[in-house]
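Participant: Here is a sequence together with a model predicted from it:
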Amino acid sequence: MERIAITKAASDIVNQLKKNHGELIFHQSGGCCDGSSPMLLEKDEFYIDESDILLGKIAGVNFYMNQDQFDYWKHTHLTIDITKGRGASFSLEIPLELRFIVHSRLLTPEELAHFDISKE
Amino acid sequence: MSYAKPTFKEKYDNFINGKFVAPLGGDYFTNTSPIDNSLIAKYPRSQKEDIELAVNAANEAKDAWGKTSVTERATLLNKVADIIEANLEEFALVETCDNGKPIRETLNADIPLCVDHWRYFASCIRAEEGGASELDQHTLSLTIKEPLGVVGQIIPWNFPLLMLSWKLPPALATGNCVVLKPAEQTPSSATLLMEKIADIFPPGVLNIVHGFGPEAGKPLASHARIDKVAFTGETTTGQLIMQYASKNLNPVTMELGGKSPNIFFNSVMDEDDAFLDKAIEGAVLFAFNQGEVCTSPSRILVQEDIYDQFMARVIARTNAIIQDNPYDINTMVGAQASNDQYEKIKSYFKIGKDEGAKVLAGGEANALNGNLANGFYIKPTLLEGHNKMRVFQEEIFGPVACVTKFKDEAEALEIANDTLYGLGAGVWTRDAHQLYQIPRAIKAGRVWVNCYHAYPAHAPFGGYKKSGFGRENHRMMMSHYRQTKNMLISYDKNKLGFF
């Protein structure tokens, strides 16, 4: 069972960007403007430590979220998709006039049990 | 009354070293209006080399600019204010076209506030005094403020010219040179301003470079020859900019958004009077600027014994909002700034409903007619639920408020502070004790008490917690752009006697 998935269209863009930028990571942002959106960054660009939770690997790329944000998101399953857009952050797909976006659903009872999450 | 879309040139350039220059790589991006997805103009898709040009120009200008008198700098800031004021309608139209916000807001809020912020910092720098302390009868400590040098500023798209006017005046007033990157969604009003004020500042003092975050924003934020970065945006980019600053050991200021609670105590309904009417409007202010405000009152907390009656009035007022052509003076809510924002808001409607939130108003996109069918309109929306839902915890940046009830003061505070952020909050009550005690107990930098969404100059604005740090809109912002020079002077003719 996985917490996170990626659409074919988004996966194609990740693979395209890997050719130009090498190893990549996703980090889920929060806050205003372009917040609440996933950021695709070069792997060594962003300082990751134990306060970042690894949600899984999509298109060969680790997807992280900060622990305190994860506490509010942990009961949901995320699918990373891509849409036309302008963005306003340092995420690498922005010059392609595209923007990664999160689609969410609730984890099923089986998934909640699997990930050992009690419903609040 | 309705205005027409303003006209633009085919393309615009960066403003570097006192003149408009094409991006070195020759690339431009196409900017469109979220009102109807129509073409505005092409703007430079700048790269590292363009940032280099601007940073060089600013570094060359900084010594002379830093030595200008405060009289001279204040005079120039006031000239900028006069020029914006004299062209208020033109700026308002361009801003509405680029951002999608209604013209009544740009005419009456955005642009007049811009004018006032330039004037405010012109006054502050004139009125300021340094410090002199006599430490003993022979020793004087003299404190003098000096400019940092060159400042990089990265601003958002929700109030394009106003965010520029929050950032530039304190930096320029204190004698810094600036390289500013407007948001790639909304490059137009900054460019119009440079056209109007091209001759005001000496070349290199003020530089505007357009482009995308990873291509132009990153080289600006990480540049070794800037002395400070000011950023408004989101948390991941905030962390990245702080990482770059740590390499350069540079100061930064950050404004990173929030999920602001707007709390209504039962005494607001003690009378059916003007104040209750004001409080209902205060709840509906979540729809102001399409909810694209860092301090949007996006969590409405209502005391349980007035919940049904109060919310009935809030729902009725929300459903009465006019969402239509942003160029029409009667329109209250316009278009979201871009397609990706529009899609993001819709994805929150889905997860909100999945989590069991009840739609009290809106809850879907608004399909308008004619050319507006191509724009990005979301109906003002009220979602009822509880504070652990994701729609209560994440900044949706749309005209969406999440509503919940509380029993008493303790529960109101528990819900209000149960958030990662701490930028804004609202407290509405007729109780004199609550008026003071509740705002003090909320962990947020700005608490509006019996009002909301006022942003006057001379009221410090900034965040607690993950909303960032630094205080804008106030003279204290000047200290974020300066070094402190201490001269410790001895008037004693006698030696220490150590050697």
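Facilitator: Looks like it came in fine.
Participant: Nearest residue to the residue nearest the centre of chain B in space, please, no chain neighbours.
Facilitator: For chain B, the residue nearest the mean C-alpha position is residue B:163 (4.7 Å; Cα atoms, centre = their mean). Nearest residue to residue B:163, sequence neighbours excluded (Cβ to Cβ, 6 or more residues apart in numbering or on different chains): residue B:155, at 4.2 Å. From N, CA and C alone the C-beta is placed, and that goes for glycine too.
Participant: ok, now which ones touch that neighbour?
Facilitator: By Cβ atoms under 8 Å, 6 or more residues apart in numbering or on different chains, the contact list for residue B:155 reads B:163, B:164, B:167, B:180, B:181, B:182, B:183, B:232.
Participant: now those as JSON lines including pLDDT and distance to residue B:492?
Facilitator: Output for the contacts of residue B:155, formatted as JSON lines (pLDDT from 0 to 100; distance: Cβ to Cβ, whole Å):
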{"residue": "B:163", "pLDDT": "98", "distance to residue B:492": "51"}
{"residue": "B:164", "pLDDT": "98", "distance to residue B:492": "50"}
{"residue": "B:167", "pLDDT": "98", "distance to residue B:492": "45"}
{"residue": "B:180", "pLDDT": "98", "distance to residue B:492": "48"}
{"residue": "B:181", "pLDDT": "98", "distance to residue B:492": "51"}
{"residue": "B:182", "pLDDT": "98", "distance to residue B:492": "54"}
{"residue": "B:183", "pLDDT": "97", "distance to residue B:492": "56"}
{"residue": "B:232", "pLDDT": "95", "distance to residue B:492": "49"}
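Participant: List just the nearest of the residues you listed to chain A.
Facilitator: Closest approach between the contacts of residue B:155 and chain A, by Cβ to the nearest Cβ: residue B:183, at 4.8 Å.
Participant: residues contacting that closest one?
Facilitator: Contacts of residue B:183 (Cβ under 8 Å, 6+ apart): A:33, A:88, B:155, B:156, B:157, B:160.
Participant: so which of those comes closest to residue B:296?
Facilitator: Nearest to residue B:296 among those: residue A:33, at 11.7 Å, using Cβ to Cβ.
Participant: helices and strands around the helix or strand harbouring residue B:410, which ones?
Facilitator: Using DSSP states H and E, residue B:410 sits within helix B:409-417. Where contact means 3 or more Cβ pairs under 8 Å, 6 or more residues apart in numbering or on different chains; DSSP states H and E, helix B:409-417 is packed against strand B:261-264, strand B:299-303, strand B:400-406, helix B:432-441.
Participant: and the angle for the longest one with helix B:409-417?
Facilitator: Just to be clear, that refers to helix B:432-441. 30 degrees (axes from the mean of the first three to the mean of the last three Cα atoms, to 10 degrees).
Participant: What's the mean pLDDT across helix B:432-441?
Facilitator: Mean per-residue pLDDT for helix B:432-441: 98.
Participant: now swap in the third one and tell me
Facilitator: The predicted model assigns strand B:400-406 a mean pLDDT of 98.
Participant: Tell me which strands that strand pairs with, and in which orientation.
Facilitator: strand B:299-303 (parallel), strand B:381-384 (parallel) (DSSP bridges).
Participant: One more: the first one?
Facilitator: Within its sheet, strand B:261-264 is paired with strand B:299-303 (parallel), strand B:424-428 (parallel), according to DSSP bridges.
Participant: Just want the angle from the following helix or strand past the first one to strand B:400-406.
Facilitator: Right, strand B:299-303. Using DSSP H and E, the helix or strand that follows strand B:299-303 in sequence is helix B:307-319. Relative orientation of helix B:307-319 and strand B:400-406, computed by the same axes, to 10 degrees: 170 degrees.
Participant: helices and strands around the longest helix along chain B, which ones?
Facilitator: Longest helix in chain B, counting residues (DSSP state H): helix B:48-66. Contacts defined by 3+ Cβ pairs under 8 Å, 6+ apart place helix B:48-66 against strand B:14-16, strand B:139-147, strand B:150-154, strand B:177-181, strand B:206-208, helix B:218-221.
Participant: Need the residues that contact whichever helix or strand comes after that helix.
Facilitator: Per DSSP H and E, helix B:48-66 leads on to helix B:70-86 as the next helix or strand towards the C-terminus. The contact list for helix B:70-86 (Cβ under 8 Å, 6+ apart) reads B:91, B:111-112, B:114-116, B:118-119, B:121-123, B:125-126, B:128, B:161, B:165, B:169, B:172-173, B:175, B:193, B:196-197, B:200-201.
Participant: which residue ranges form the helices in the stretch 101-250 of chain B?
Facilitator: Listed in chain order, the helices of the stretch 101-250 of chain B (DSSP state H, counting those that start in this stretch) span residues B:103-105, B:111-127, B:160-173, B:188-197, B:218-221, B:235-248.
Participant: and the residue nearest to residue A:2 when sequence neighbours are not counted, how many neighbours?
Facilitator: With Cβ to Cβ, 6+ apart as the criterion, residue A:2 has its nearest non-adjacent residue at 5.3 Å, and that residue is residue A:56. Residue A:56: 16 surrounding residues under other Cβ atoms under 10 Å in any protein chain shown.
Participant: now swap in residue B:307 and tell me
Facilitator: There are 18 residues near residue B:307, going by other Cβ under 10 Å.
Participant: same thing with residue B:242?
Facilitator: By other Cβ under 10 Å, 16 other residues sit near residue B:242.
Participant: tell me the contacts of the residue of the stretch 151-300 of chain B found nearest chain A?
Facilitator: For the stretch 151-300 of chain B, the residue closest to chain A is residue B:257, as judged by Cβ to the nearest Cβ, at 2.6 Å. By Cβ under 8 Å, 6+ apart, residue B:257 lies in contact with A:30-33, A:35, B:233-235, B:294, B:395, B:421, B:423, B:467.
Participant: Same question for it, what's its three-state structure.
Facilitator: Put simply, residue B:257 is coil when judged by DSSP: H, G, I helix; E, B strand; the rest coil.
Participant: what's the closest non-adjacent residue to it?
Facilitator: The shortest distance from residue B:257 to any non-neighbouring residue, by Cβ to Cβ, 6+ apart, is to residue A:32 (2.6 Å).
Participant: Who are the contact partners of that neighbour?
Facilitator: B:156, B:158, B:232, B:233, B:234, B:255, B:256, B:257, B:258, B:294, B:395, B:397 are the contacts of residue A:32 under Cβ under 8 Å, 6+ apart.
Participant: Repeat that for residue B:251.
Facilitator: B:148, B:227, B:228, B:245, B:480.
Participant: hmm, 6 Å instead?
Facilitator: residue B:228 (Cβ atoms under 6 Å, 6 or more residues apart in numbering or on different chains).
Participant: What count of nearby residues applies to residue B:496?
Facilitator: Using other Cβ under 10 Å, residue B:496 has 7 neighbouring residues.
Participant: Chain B contacts on chain A?
Facilitator: Residues of chain A lying close to chain B (Cβ under 6 Å from any Cβ of the partner chain) are A:27, A:29-36, A:39, A:47, A:68, A:72, A:83-86, A:88-90, A:92, A:94-95, A:99, A:101, A:103-106, A:120.
Participant: Look up how far chain A lies from residue B:124.
Facilitator: 26 Å (Cβ to the nearest Cβ, to the nearest Å).
Participant: how about the nearest residue to that residue, chain neighbours excluded?
Facilitator: Here the residue nearest residue B:124, using Cβ to Cβ, 6+ apart, is residue B:475, at 4.2 Å.
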